[in-house]
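*Asks:* Would you be able to build a 3D model of this:
(chains A and B)
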Number of protein chains: 2
Amino acid sequence: MDIEKPINTKALFLGPKSENYDFFRQMLLFLMDDHAEWRRYFHPNDAPIVSDGEKGQKDFLDTLQKTREALVDLAGQLQESSTPWFSPRYLGHMNTDTLMAANLGYMLTVLYNPNNCAYEGSPATTALEIQVGRQLATLMGYDPQRCWGHITSGGTVANYEAVWLARNLASIPFAIRACKPELVDGLSDWQLANRSTAQILDLMDRAKESGVFEEMREQTVRGKGMAGANLGAIIVPQSKHYSWTKAADIFGIGQDNLYSVPVRENYRMDINALKARIDSLITGKKPILAVVAVVGTTEEGAVDEVHEIVKLRERYAEEGVAFYLHIDAAYGGYARALFLDEENRFIPFEGFHTICIDSKDTGNDWLNRDVYEAFKAMPKADSITVDPHKLGYVPYAAGAFLAADRRMIDVISYFAAYVFDKSDDNPMLLGSYIIEGSKAGAAAAAVWMAHRVVPLNRSGYGAIIRASIEGAYRFYTSLQNATPIEVGGKRFEVLPLTCPDSNIVDYAFHEIGNPSLKEMNALNQYLYERCSYKSGPLYTNDFITSKTSLTVEEYGEAPLSFIKRFGFDPSEWERHGSVVVLRSCVLTPYLVNNTTYKTYWNTFLKAMEDAIADRQRSQ
Amino acid sequence: MDIEKPINTKALFLGPKSENYDFFRQMLLFLMDDHAEWRRYFHPNDAPIVSDGEKGQKDFLDTLQKTREALVDLAGQLQESSTPWFSPRYLGHMNTDTLMAANLGYMLTVLYNPNNCAYEGSPATTALEIQVGRQLATLMGYDPQRCWGHITSGGTVANYEAVWLARNLASIPFAIRACKPELVDGLSDWQLANRSTAQILDLMDRAKESGVFEEMREQTVRGKGMAGANLGAIIVPQSKHYSWTKAADIFGIGQDNLYSVPVRENYRMDINALKARIDSLITGKKPILAVVAVVGTTEEGAVDEVHEIVKLRERYAEEGVAFYLHIDAAYGGYARALFLDEENRFIPFEGFHTICIDSKDTGNDWLNRDVYEAFKAMPKADSITVDPHKLGYVPYAAGAFLAADRRMIDVISYFAAYVFDKSDDNPMLLGSYIIEGSKAGAAAAAVWMAHRVVPLNRSGYGAIIRASIEGAYRFYTSLQNATPIEVGGKRFEVLPLTCPDSNIVDYAFHEIGNPSLKEMNALNQYLYERCSYKSGPLYTNDFITSKTSLTVEEYGEAPLSFIKRFGFDPSEWERHGSVVVLRSCVLTPYLVNNTTYKTYWNTFLKAMEDAIADRQRSQ
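*Replies:* Okay, the predicted model is just below:
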């Protein structure tokens, strides 16, 4: 195997000061010229449609001018209102600069305008999408010969696909009982509702062999609808993305069947609470349709203990209780590259930090054993969501849905089922195996370009994400050790919410001695408004961040320990039930250099000090 | 009001021979430079991240080289396998050149990478999406102050949104009975299931006033799921897109509740059959959840008689039967611009052809009264799907969902409901009112650019689509009048399937005297394979088309008259139940010029003759 040459992260992005402008411009001209020639040399003898004489006509020139004016108008609007995420002054949402390779790939492919819904409209980019799906499934530890993967518009749609599959799969044993009862002879309702995914797919194979596959599908919820079905509960952590509540609505499952499990102080799902929830459902004879683990919560970057959930599932299997396991790794999925060597082997924990992370900067409490084991256990899940447009550093919109066993898609496919006889087959009608229909081939091409330049292991994405995590850790450490800011005779401390599992750092400012949580919330809300689009065009901001509110409704008692660290009386939490924190997703890979980091840390402190001073003046 | 200056269609596209290359290239450089400067002048004193010294390092140069090689690789793959839809030699799927304005807008916006899921990630492009939604709703005849519209990834997702809304709306009267029975006092189950959309929305307003809105939503299928619900049937024409079967699955409705209505010989939904279906459902006391009309079927370009369906709905309303009406105008929607003058008035039918269509070329059987009335009646529907990436001439992926009454979205919204107090409000979290989550702001910007340059009336889109329809009509007329082709002593005739309602022309070749439908199907399948990706890279093809199979399962007896016109015995249809036709979506606006048209018509005939000769040799 080739050992990849190390990549230089700074050569991957256009850069905060357009440092790689010459290169990007040269590539842009290449792609334009290349495309223009492709058109010209298609049947070179065909006459041009537009003559040079016509090009000089007034209405022709006026029309060109309309396009020019529109572009200038759009450029002005974008410049005035866009988010300057390219700068290390932006530590807000899950945004930073995107890979030049991905941007160029996207821009080039827009000119060819493929639609990956059907192969006929996208012979080039459907093949790229299938390649990319397999690459990502391999990154997750799935067997590339058995897996299924494709690009979605984002994590929301990928999560929907998981629910769609889990729901339709769960109805298969009952459908088989209706049309070929001998295949499930002697199984009770409870047993039918507790087949594992592998058992269901084997049953489906037997239905195919018996020639009742179509008849069986008509008996699933696909054919009959959800009206008569009782497929059970979906269990998600409280830290879930709101796409899960939308999914429960869309798929006819209902919010009543969506159960939230509390998170602990570290914002990971409480495994004991999960167990208690499962036990109580079993007692009530309610099947468990699916359990969802989150790898990289959107608000805290927390990583659920997938390995513990997998162990739990194995234990329940012995008791005859089975459920579909999905991992929502929309945010954290690409970070699995940190743990893979150049031959795609999962790196042993011993020595992992010295190999992969500059341990003198991050220490061993970062990417600790739990996080390591959680990433290692990911391939045990039935399916995984991962978003290239997050830690894949590609432009919107590109999510991905990945499944361990490609037989699953027959559960949702329309028209003839996808024949997976050759591993490199391209589906003729991708749109019949997925939720979406028309989809930009350019998105798949952008992801393909990114993976072509940045390997999905520790020397590629691992290196970029490592840099971002190191930057996040520096920021976290600085926040922990910061001396209070003095403004107008008052002193303001800052505390990070928790030691995060990835590169998202939440924190809050507090006036020392202030006993009111409401006042602290008002202060941080003010800081957020000063450092976000709320204060007008962002281009004039010194620092830009995002915020989140941790409420008792969504987080239970998890935020209480944070409140206490500020010296608040616990009754303040009972009274307000919400704490506003500033949220910095540190995706930028540029905060690893000491000088750069210190400059931006001082920029941050100064921006906060100025904002606090302004607030005092306005009060 | 300004009367728009006429646009020159040829100045809108890059062109089959890259005729507008100089202009496009100039604009590309403008957008690149403009963006690069935007980055540089954000805090101009911040030091660059990359030093000139670093730029000379080997690993830096190697990394740039990796990006360059990847781009060359991608460009090669695209050139080898892409579809040359820019040429009039391509008359296949719904593709042709896309507007330079839209492509440039897309490419520029990729550099700013906005995500329209949340306003905070896209202050510029969320505003553009809301503008574009309102423009399209206005094009459909909706009241811009009451409507709701947004961009989706395509028609499939827009159709899903219609089902989601219709389904959740239908459960509201029952939900109100559960939590505030006095609002629906005295109404039977049947009456609750037969409230009109307006009545349901008024009920919802009263639930809000009574303070039981959230409680009510918990009682809808959103909260309770579909398990206990019996919401009735969705009625679609047989010519429906397969997204409707997917929708019935996804939303827990089931294929059993999806009813297909036969189409007539002109491939429009048979209104009498629709009436009979509704009557039989009423007799069976099964509510009608929704009726779907198609404006521009994907296979034939047929336009359902929306005005007749609207009349039918009004008549049923008098009998106490109500249903949601959705129009799937994914394909045909933009053609409504043909009928709108520069002040957005629907043009009177009298004189319409002389104003809008060059009637000496197309005659009055094109865009006839039925088509005119169907387009006129569109605003009577509750919601409409329309795809900018089809007749909007913008790149993938951009569909749109449009609704008459924006109150509807409270039925599906998550988090706090969208406050529509000002008509120019931008939603803070678009992702909570739509199916998708993350979505490219670039898609909205591309559509905005297109609409900025090409007005949504007869002098803008009307002019482009008119040109495409005139080209289609010429092609249709040529097919009708074509003298048989002689090859190897045998004579081959060609017949168009039907006089189409828009710009899609289906047709089949037939060896005169051949009595076997199976043989005719084999001939046309061969022609398709010769003229499509199936014969290898398309770049060497002389003519490229698509095909469709009209089967008895999907089309009933509708294709029989076509079969008979070839002289086949009707028993041939009974025996095979399927006819293969070639399908040309004539989106190109370039076939209006006589010389150009004749050249390409001869190209087409020659390509067919060569293909038939090859087939003879191989037999």
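*Asks:* drop to CA atoms for contacts and neighbour counts, all remaining ones
*Replies:* Fine.
*Asks:* Next up, the contacts around the residue most central in space within chain A.
*Replies:* For chain A, the residue nearest the mean C-alpha position is A:A330 (2.0 Å; CA atoms, centre = their mean). Going by CA atoms under 8 Å, 6 or more residues apart in numbering or on different chains, A:A330 touches A:G155, A:V295, A:G296, A:T385, A:V386, A:D387, A:K390, A:G399.
*Asks:* Adding secondary structure, write the residues you listed out as CSV.
*Replies:* Listed next are these as CSV, based on DSSP: H, G, I helix; E, B strand; the rest coil:
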residue, secondary structure
A:G155, helix
A:V295, strand
A:G296, coil
A:T385, strand
A:V386, strand
A:D387, coil
A:K390, coil
A:G399, strand
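*Asks:* now those residues: which count as buried?
*Replies:* Neighbour-count burial (16 or more other CA atoms under 10 Å in any protein chain shown) applied to those gives A:G155, A:V295, A:G296, A:T385, A:V386, A:D387, A:K390, A:G399.
*Asks:* Of those, which are in range of chain B?
*Replies:* Among those, proximity to chain B is found for A:G155 (CA under 8 Å from any CA of the partner chain).
*Asks:* and which of the buried ones among the contacts of A:A330 is nearest chain B?
*Replies:* Using CA to the nearest CA, A:G155 is the member of the buried ones among the contacts of A:A330 that sits closest to chain B, with 7.4 Å.
*Asks:* Tell me how many other residues crowd A:K58.
*Replies:* Number of residues near A:K58 (other CA atoms under 10 Å in any protein chain shown) recorded here: 11.
*Asks:* And for A:N115?
*Replies:* Neighbourhood size, A:N115 [other CA under 10 Å]: 24.
*Asks:* With pLDDT and distance to B:T197 added, can I get the contacts of A:A330 in CSV?
*Replies:* Shown next, in CSV, are these (pLDDT from 0 to 100; distance: CA to CA, whole Å):
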residue, pLDDT, distance to B:T197
A:G155, 97, 32
A:V295, 97, 41
A:G296, 96, 41
A:T385, 98, 36
A:V386, 98, 38
A:D387, 98, 37
A:K390, 98, 39
A:G399, 98, 35
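*Asks:* residue contacts, whichever residue of the stretch 251-400 of chain A sits closest to chain B?
*Replies:* Here the stretch 251-400 of chain A gets closest to chain B at one residue, A:G254, 3.6 Å apart by CA to the nearest CA. Counting by CA under 8 Å, 6+ apart, A:G254 makes contact with A:A248, B:V221, B:R222, B:G223, B:K224, B:G225, B:M226.
*Asks:* Just give me the closest of the residues you listed to A:W85.
*Replies:* Each of these was scored against A:W85 by CA to CA, and A:A248 proved nearest at 33.2 Å.
*Asks:* mind showing which ranges of the stretch 401-550 of chain A have poor pLDDT?
*Replies:* Low-confidence segments of the stretch 401-550 of chain A, defined by pLDDT under 70: A:416-425.
*Asks:* what does chain A give?
*Replies:* Ranges of chain A meeting pLDDT under 70: A:1-5, A:354-365, A:416-425.
*Asks:* Dump the contacts of A:A330 into CSV; add distance to A:A444 as well.
*Replies:* CSV is the format used below for the contacts of A:A330 (distance: CA to CA, whole Å):
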residue, distance to A:A444
A:G155, 15
A:V295, 23
A:G296, 23
A:T385, 16
A:V386, 14
A:D387, 12
A:K390, 15
A:G399, 10
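*Asks:* How about the residue of the stretch 401-550 of chain A at minimum distance from chain B: which residues does it bridge to?
*Replies:* Residue of the stretch 401-550 of chain A nearest chain B, by CA to the nearest CA: A:A440 (4.9 Å). Beta-bridge pairing for A:A440 (DSSP bridges): A:N115.
*Asks:* Can you name the residues that contact it?
*Replies:* A:N113, A:P114, A:N115, A:N116, B:Y396, B:A397.
*Asks:* how close does the second one get to B:T98?
*Replies:* When CA to CA, to the nearest Å is the yardstick, A:P114 and B:T98 sit 12 Å from each other.
*Asks:* more neighbours, the two?
*Replies:* A:P114 (31 against 28).
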